[in-house]
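In: build me a model:
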Amino acid sequence: MSPISKSAIYILLTMVCKHAIAQDADTIKKNNLHLSGYLETYYCYDFSKPANHLREPYFYNFNKHNEVNLDIGMVKVNYTSKKVRTNLAFMAGTYPQYNMANEQRLLRNIFEANAGVKISNKNNLWIDAGIMPSHIGFESAIGKDCWNLTRSLLSETTPFYENGVRLNYTSNNEKLYLAIYYLNGWQRIQKIKNNHTPAFGTQITYKPSTNTLLNWSTYIGNEQPNSLTKWRYFNNFYGQFQLTKKLGLIAGFDIGIQQHRGILNTISGFDKWYSPVLIIKYAPTSKTSIAARAEYYSDKNGVIISSVKGFQTFGYSSNFDYVLSENSLFRIEGRILSSKEKNFNSNSNKNYFITTSLAISF
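Out: Numbering: from 1, shown residues only. A predicted model of the protein is given here:
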């Protein structure tokens, strides 16, 4: 084939592809399809210098020491119409590698896979089913949506995702949101072996004004086989307040109890854990912001975080954010954890680390 013929074919194929892409874009727009993505790379230096480069076991985000890595890279497609909505998203990175380690291999890279149907003509009432983001907490795996670079202990130890059915209602003025959940468990796509007990959740979100959001989420379930049933009861409270145009505040509090089994495998009371957190964010310009966080986590009986003498830890962090462009964000954060006991990798009662990240959305 002559060079001229090759060039002609190349030009023809290019024109066809461009036309096809344009048609696909028009089809996507017409059919209410939306394609989006998110990618966040990071570098974290932990001054305890873990030899295996793996940080504390309860950190699922930014958990690699002294190496440039991908926390999460995600591609998502969603479809929305007046009576139907679906979400499908796949991910890769250290976040799914460690946070989804207990799931089946084929499920570990699923961020979302759910579908919903509107069941009322008069009210905004929906039923959604499938894998969806957790209804607990004010932080998520999408870093740009969180005020701090790293996640709070409160967030790292509660579900980031869940699998089940959700009945949810939003008022016409969008001030009130109510939801009831039937779930497979506490951050589980699949139920654990020999567990046949149901798990439930609720959520109430109220926005009395554009500057205030109040939330109460609950969870009730058993995370053990039926022969070792331990019922867990959990409450998550938080409020988000935009005090001025530049100053914001988040105050949160988690508290949970779980049945305790003693001698002869009999129930003998409850184990308790709780965590308060306070975050202040100040944005001096449209491109810069500073956030500071203070938190405490108490789990004396090791229900969520196992330790020899009980996990009782204070945490403090401060981060600086700079908006590089409309869809990119650079962040740097310094953080310290201080415990009564030597609970950290270095056999110390303190843990210092610095994290930087670059987040891009499209």
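In: flag the shaky bits of the stretch 251-362 of the chain, pLDDT-wise.
Out: Along the stretch 251-362 of the chain, the model assigns pLDDT under 70 to no residue.
In: how about the strands in it?
Out: 267-282, 288-299, 311-325, 328-339, 350-361 (DSSP state E, counting those that start in this stretch).
In: put together JSON lines for the ones you listed, with mean neighbour count and distance to Leu149 on each row.
Out: Every C-beta, even on glycine, is put in place using the N, C-alpha and C of the backbone. Listed next are these as JSON lines, based on neighbours: other Cβ atoms under 10 Å; distance: least, Cβ to Cβ, whole Å:
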{"stretch": "strand 267-282", "mean neighbour count": "17", "distance to Leu149": "12"}
{"stretch": "strand 288-299", "mean neighbour count": "18", "distance to Leu149": "8"}
{"stretch": "strand 311-325", "mean neighbour count": "17", "distance to Leu149": "5"}
{"stretch": "strand 328-339", "mean neighbour count": "18", "distance to Leu149": "4"}
{"stretch": "strand 350-361", "mean neighbour count": "18", "distance to Leu149": "6"}
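In: out of those strands, nearest to Leu88?
Out: Leu88 sits nearest to strand 350-361 of all the strands of the stretch 251-362 of the chain, at 17.5 Å, using Cβ to Cβ.
In: tilt between the closest one and strand 311-325?
Out: Between the axes of strand 350-361 and strand 311-325, defined by axes from the mean of the first three to the mean of the last three Cα atoms, to 10 degrees, the angle is 30 degrees.
In: just to revisit the earlier point, using TSV, lay out the strands of the stretch 251-362 of the chain together with distance to Pro225.
Out: Shown next, in TSV, are those (distance: least, Cβ to Cβ, whole Å):
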stretch	distance to Pro225
strand 267-282	15
strand 288-299	22
strand 311-325	25
strand 328-339	32
strand 350-361	34
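In: wait, which of those is closest to Val75?
Out: strand 350-361 (11.4 Å).
In: which other helices and strands does that closest one contact?
Out: Secondary-structure packing of strand 350-361 (3 or more Cβ pairs under 8 Å, 6 or more residues apart in numbering; DSSP states H and E): strand 33-46, strand 328-339.
In: closest to Ser307 out of the ones you listed?
Out: Comparing the helices and strands packed on strand 350-361 by Cβ to Cβ, strand 328-339 comes nearest, at 8.4 Å.
In: return the set of residues that bridge with Phe321.
Out: One correction, residue 321 is Asp, not Phe. Listed by DSSP bridges, the beta-bridge partners for Asp321 are Ser289, Arg331.
In: the helices in this structure, which residues?
Out: 3-30, 94-99, 153-156 (DSSP state H).
In: how many other residues sit next to Thr212?
Out: 13 (other Cβ atoms under 10 Å).
In: for it, which non-adjacent residue is spatially closest?
Out: Nearest non-adjacent residue to Thr212, counting by Cβ to Cβ, 6 or more residues apart in numbering: Phe241, 5.5 Å away.
In: distance of the nearest residue to Asn222 once chain neighbours are set aside from Met100?
Out: The shortest distance from Asn222 to any non-neighbouring residue, by Cβ to Cβ, 6+ apart, is to Thr197 (4.3 Å). Going from Thr197 to Met100 by Cβ to Cβ, to the nearest Å gives 23 Å.
In: higher neighbour count, the two?
Out: Neighbour count, other Cβ under 10 Å: between Thr197 and Met100, Met100 has more, with 21 against 15.
In: so what's that one closest to, chain neighbours aside?
Out: Per Cβ to Cβ, 6+ apart, closest to Met100 is Arg108, 4.1 Å.
In: now do the contacts for that neighbour.
Out: Arg108 sits next to 96-97, 100-101 when contact means Cβ atoms under 8 Å, 6 or more residues apart in numbering.
In: quick one: pLDDT of it?
Out: Arg108 carries a pLDDT value of 95.
In: how many neighbours does the nearest residue to Asn123 once chain neighbours are set aside have?
Out: Counting by Cβ to Cβ, 6+ apart, Asn123 lies nearest to Tyr169, which is 6.6 Å off, once chain neighbours are set aside. Tyr169: 14 surrounding residues under other Cβ under 10 Å.
In: do the same with Lys309
Out: For Lys309, using other Cβ under 10 Å, the count is 12.
In: surely it meets Ser339?
Out: No. Using Cβ atoms under 8 Å, Lys309 makes no contact with Ser339, being 9.6 Å away.
In: and stretch 327-338, how far out from the chain's middle?
Out: Here stretch 327-338 is found 16 Å from its chain centre; the criterion is Cα atoms, centre = their mean, to the nearest Å.
In: what do you get for stretch 235-242?
Out: So, by Cα atoms, centre = their mean, the centroid of stretch 235-242 is 16 Å from its chain's centroid.
In: same question, stretch 126-136
Out: 13 Å.
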